[in-house]
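> dropping the sequence and predicted coords here.
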Amino acid sequence: MGNNHMSIHLLYIEDDTEIGAWVNEDLTGRGYEVTWLQNGERAVDHATGCRLVILDVMLPGLDGFTIGQRLKKAYPDLPILMLSARTSIDDKLEGLQFADDYVTKPFHPDELAARIEVLLRRSGSYSSEPLALGHLLVYERENRIMNKDTGEEIVLTGKQFQIFMYLLRHLGQILTKEQIYEGVWGDPYLDGDKTLMVHIRYLREKLERDPANPEIIETIRGVGYRVKA
């Protein structure tokens, strides 16, 4: 195929089936891999592994602004391109608090494709250097983790990825359970809550060569966790 878009994964959130099918088909034809959702309820889960989000403002249930803010909180480096039929300046300003670019409907597919390319280049998705951690290669901007031993991609759930990225942003630092929980969930940690522990266990099953003797995510007894630099 020789297309430089190969395996670049886009998340597209649009409830209008006519526009959605047209954009999905156009972007797929340009070599992108597209996940199209008709509402944003599970957008954060689906954003794992994506390099860019195309987000319509007018959606049933949660509106595009709410979803955009959630996505930006979970994935600060993930570029978001807003689509809106409304040209009101307030919309644009509200959107641009978290959106990286804005396209007004109706638009030409070439315009959308050009904006996508600019955002991907700006976010370095065409060539980001991976972080090497033991047998793992972590492509942070692309939300991808590869196992060097097997050459396979390790797929994490949204929450697992957020926890791992939070630990990586504090590489070499010992983080308490409270810090990690509040950093990822945004809620105060309740003493005795096992949620984080369970997530760390699942993370180790996916990331460690030997989950019983973790080399990537260390437990610091009585304190919390650390990813060694």
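Sure, I can see it.
> gap between stretch 64-73 and the chain center?
Centre-to-centre, stretch 64-73 and its host chain are 11 Å apart (C-alpha atoms, centre = their mean, to the nearest Å).
> report the buried residues of that stretch.
Applying a neighbour-count criterion of 16 or more other C-beta atoms under 10 Å, the buried positions in stretch 64-73 are 64-65, 67-68, 70-72. The way it works is simple: take the backbone N, C-alpha and C, and place the C-beta from them, glycine included.
> now do stretch 205-212
Applying 16+ other C-beta under 10 Å to stretch 205-212 flags 207-208 as buried.
> can you list contacts of it?
The set of residues that contact stretch 205-212 without belonging to it, under C-beta atoms under 8 Å, 6 or more residues apart in numbering, is 134-136, 145, 149, 154-156, 160, 164, 201, 204, 214-217.
> change it to 10 Å
Contacting residues not belonging to stretch 205-212 are listed as 133-136, 138, 145, 147, 149, 154-157, 160, 164, 201-204, 214-217, 227 [C-beta atoms under 10 Å, 6 or more residues apart in numbering].
> from these, which land in helices?
Among the contacts of stretch 205-212, DSSP state H puts 160, 164, 201-204 in helices.
> what's the burial count for residue 49?
Close neighbours of residue 49, defined as other C-beta atoms under 10 Å, add up to 19.
> that one against residue 161, yeah?
Yes. Under the criterion of C-beta atoms under 10 Å, residue 49 makes contact with residue 161 at 8.3 Å.
> any common contacting residues for the two?
Shared contacts of residue 49 and residue 161, counting by C-beta under 10 Å, 6+ apart, come down to 143-145, 155.
> give me the buried subset of the residues you listed.
Among the shared contacts of residue 49 and residue 161, the ones that count as buried (16+ other C-beta under 10 Å) are 143-145.
> give me the low-pLDDT residue ranges for the protein?
Counting by pLDDT under 70, the ranges of the chain that qualify are 1-7, 86-96, 124-129, 141-142, 229.
> tell me where it has strands.
Counting by DSSP state E, the chain has these strands, from start to end: 9-13, 33-37, 52-56, 80-84, 101-104, 131-133, 136-139, 144-147, 152-153, 175-176, 217-220, 224-227.
> can you redo those as TSV with distance to residue 209?
Rendered in TSV, the data for the strands of the chain read as follows (distance: least, C-beta to C-beta, whole Å):
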stretch	distance to residue 209
strand 9-13	27
strand 33-37	29
strand 52-56	32
strand 80-84	35
strand 101-104	41
strand 131-133	12
strand 136-139	10
strand 144-147	9
strand 152-153	14
strand 175-176	22
strand 217-220	12
strand 224-227	15
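> related to what we said a few turns ago, list only those of the contacts of stretch 205-212 flagged as buried.
By neighbour count, with 16+ other C-beta under 10 Å, these hold 133, 136, 138, 145, 147, 154, 156, 160, 164, 202-204, 214, 216-217, 227 as buried.
> how about the ones in helices among the contacts of stretch 205-212, which pair is most distant?
When C-beta to C-beta is used, the two most widely separated members of the ones in helices among the contacts of stretch 205-212 are 164 and 201, lying 13.1 Å apart.
> pull up the overlap in contacts between the two.
Joint contacts of residue 164 and residue 201 (C-beta under 10 Å, 6+ apart) are residue 217.
> got a list of contacts for stretch 189-203?
Under C-beta under 10 Å, 6+ apart, the answer for stretch 189-203 is 154, 156-157, 159-164, 167, 176-185, 187, 211, 214, 216-217, 219, 224-225.
> what's near enough to touch residue 132?
Contact partners of residue 132, counting by C-beta under 10 Å, 6+ apart, are 138, 148.
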